[in-house]
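Q: next come a sequence and a model predicted from it.
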Amino acid sequence: MSKVWKLAVLLLALSLVLAACGGGGDNAQGATSTGSSQNGSSSSSPSSDGKDAVELTAWAWNVNVGALNEAIAMYQKDHPHVSLKVEDIGRLDVYDKLSTGLAAGGAGLPDIVLVEDDRIHGYLDAFPNGFANLSELGFDEYAHLFPDFKKGLTSLDGVFYAFPFDSGPTGMFYRRDLFEQAGVDPEAIETWDDFFAAAQDIKKATGAYAFPADKFKDDANFRMMMNQLGVYYFDENGNIDFNNPKVVQALSMLKKFGDADLVKDVNGWDGTVSATIDGSVATIPFGAWYYGTIIDQAKDTEGKWGVFLLPAFEKGGNRAANLGGSSWMIPASSKNKEEAYKFMLYFSTTPEVQIMAMEKYGLFPSLSTAYDSPLFESEVPFFGGQKIWQLFTDEMPDIPTPYYTKDYAIAMDEAVKAQADIFNGRDPAEALAEAAERLAGRTGREVNRY
């Protein structure tokens, strides 16, 4: 995008925000709008608790909007002077507007913004002064309430810049009926080799593939496998780690399943959902949040599902990984920084709020004290009475921290190319070595040699 076009987009965004100042009306959850400036400053009319009224603004998308609106309604019981205007502007639109606003020194940004965990460090690298230092505001006191991997994603050099929110502890969502038809016991599956043997039996007996994959456009299975092995696209120093023997090991396992025709090639998200509905795959390795898609899209399969942890690469090895998740950040330009901090602290550290977000919106909490709720020990009828939430909860402390960097999207692009190569018959080590060199050329980063 040219500088002139960026300036035009910025001026348009500013004009729209300024035109919206002074607007009123109630939002869907009863948080009353009080009128705000481009950075969320509010009118000074006193509220019922005698404090000047403050309207916070937030950008989010999808189910996160509902969670925020319900949380502010809960918060207002003791803080009636605070209201919240949540703008549901779509995930990619949030990032476009956030990047434009940060580049313009914070112009037009809200008080609160949702950011997926894989993008947090990229924003911090690109805009080191763009977000509020939550450690200075007191968040360190609450850091112990969250798992290590989530703390690693929301902090930089020991300083917190994001409030941990939902996570995606992974598991193998499996079809009980297909496993039973093939005589396979999921509890006997400990390693990927165990699952490989079981998948062959299942396909022979039922025709179902082991799992789905968008072989040439997405590498979700590869990412989960790398994460459980404690590696990722980059190491903790930001160097390209595609040549790491464990990264090669992960891609080699995918190739093993592919070569045996056990991977169903699907077209993106819609293809995965279709495979979920029609029973053409025996398992779907995904984050805990996929529970909501299954019960919504495959209603006729109630009782036919179960979950077991990702198989380990060796007996007794790690079976924990994460896929997805997001957190909340406060732009440094916010004129209501302290009020935004207080509300988001309440949001992120109050078990009742996190339980609400999970029960109503399927957002698995990162807050450890939320797991004390009976909900996490309850049997889930749709999943055959299995205590699936307890399984995901127990996994959380063992999830390694992935390292994303600001070049995450470019690295994923090259990883997908390497994955496509191995599904087309290439050697995994060679495919990854070539991808590493391409990534180095595109980012200027060092490549680790082994």
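A: Okay, I see it.
Q: only C-alpha atoms from now on, for both contacts and neighbour counts.
A: OK.
Q: who's in contact with Thr57?
A: 40, 84-87, 110-112 (Cα atoms under 8 Å, 6 or more residues apart in numbering).
Q: that one should be in a helix, yeah?
A: No - counting by DSSP: H, G, I helix; E, B strand; the rest coil, Thr57 is located in no helix; its state is strand.
Q: and the pLDDT for it?
A: You'll see Thr57 listed with a pLDDT of 98.
Q: keeping just the C-alphas, turn stretch 414-430 into CSV.
A: The C-alpha coordinates for stretch 414-430 follow below in CSV (Å, rounded to 0.1, in the frame of the first residue of the first chain):
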residue,chain,number,x,y,z
GLU,A,414,6.8,-21.2,4.1
ALA,A,415,5.9,-24.0,6.4
VAL,A,416,2.7,-24.7,4.4
LYS,A,417,4.9,-24.9,1.3
ALA,A,418,7.1,-27.4,3.0
GLN,A,419,4.1,-29.4,4.0
ALA,A,420,2.8,-29.4,0.5
ASP,A,421,6.2,-30.6,-0.7
ILE,A,422,6.2,-33.6,1.6
PHE,A,423,2.6,-34.6,0.6
ASN,A,424,3.9,-34.5,-2.9
GLY,A,425,6.6,-36.9,-2.1
ARG,A,426,9.6,-34.7,-1.0
ASP,A,427,11.9,-35.6,1.9
PRO,A,428,10.8,-33.6,5.0
ALA,A,429,14.4,-32.5,6.0
GLU,A,430,15.1,-31.2,2.5
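Q: enumerate the positions of it that are buried.
A: Under the neighbour-count criterion of 16 or more other Cα atoms under 10 Å, stretch 414-430 has 414-423, 427-429 buried.
Q: could you do stretch 274-291 as well?
A: 274-277, 279-291.
Q: just the residues you listed: which are in strands?
A: Assigned to strands by DSSP state E, the following of the buried residues of stretch 274-291 qualify: 283-287.
Q: from start to finish, how long is stretch 264-283 in a straight line?
A: Distance across stretch 264-283, first residue to last, is 11 Å (Cα to Cα, to the nearest Å).
Q: mean confidence score for it?
A: Rounded mean pLDDT across stretch 264-283 is 97.
Q: ranges for the strands of the stretch 51-200 of the chain?
A: 54-60, 82-88, 112-116, 155-156, 159-160, 163-175 (DSSP state E, counting those that start in this stretch).
Q: which strands and helices sit next to the third one?
A: Secondary-structure packing of strand 112-116 (3 or more Cα pairs under 8 Å, 6 or more residues apart in numbering; DSSP states H and E): strand 54-60, strand 322-329.
Q: sheet-wise, list the partners of the shortest one with their directions.
A: Read it as strand 54-60. Strand 54-60 sits in its sheet next to strand 82-88 (parallel), strand 112-116 (parallel), going by DSSP bridges.
Q: out of those strands, which is closest to Phe383?
A: strand 112-116 (28.1 Å; Cα to Cα).
Q: any idea of the mean pLDDT in the closest one?
A: Per-region confidence: strand 112-116 scores 98 on mean pLDDT.
Q: so how far is it from its chain's centroid?
A: How far strand 112-116 lies from its chain's middle: 11 Å, per Cα atoms, centre = their mean, to the nearest Å.
Q: CA-only coordinates of it in CSV, if you can.
A: The C-alpha coordinates for strand 112-116 follow below in CSV (Å, rounded to 0.1, in the frame of the first residue of the first chain):
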residue,chain,number,x,y,z
ILE,A,112,-9.3,-2.1,24.6
VAL,A,113,-8.6,-4.4,21.7
LEU,A,114,-8.6,-8.2,21.2
VAL,A,115,-5.5,-9.6,19.7
GLU,A,116,-4.8,-13.3,18.9
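Q: what angle separates it from strand 163-175?
A: 40 degrees (axes from the mean of the first three to the mean of the last three Cα atoms, to 10 degrees).
Q: helices along the stretch 201-350 of the chain, start to end?
A: 220-228, 245-259, 268-278, 290-297, 337-349 (DSSP state H, counting those that start in this stretch).
Q: can you name every helix or strand that the fourth one contacts?
A: Pointing back at helix 290-297 there. helix 268-278.
Q: now the angle from the helix it packs on to helix 290-297?
A: Using the same axes, to 10 degrees: helix 268-278 against helix 290-297 is 60 degrees.
Q: mind checking how far helix 268-278 is from the chain centre?
A: Worked out by Cα atoms, centre = their mean, helix 268-278 lies 20 Å from the chain centre.
Q: stretch 439-450 too?
A: Worked out by Cα atoms, centre = their mean, stretch 439-450 lies 26 Å from the chain centre.
Q: what's that stretch in contact with?
A: Contacts of stretch 439-450 (Cα under 8 Å, 6+ apart): 238-245, 407, 410-411, 414, 436-437.
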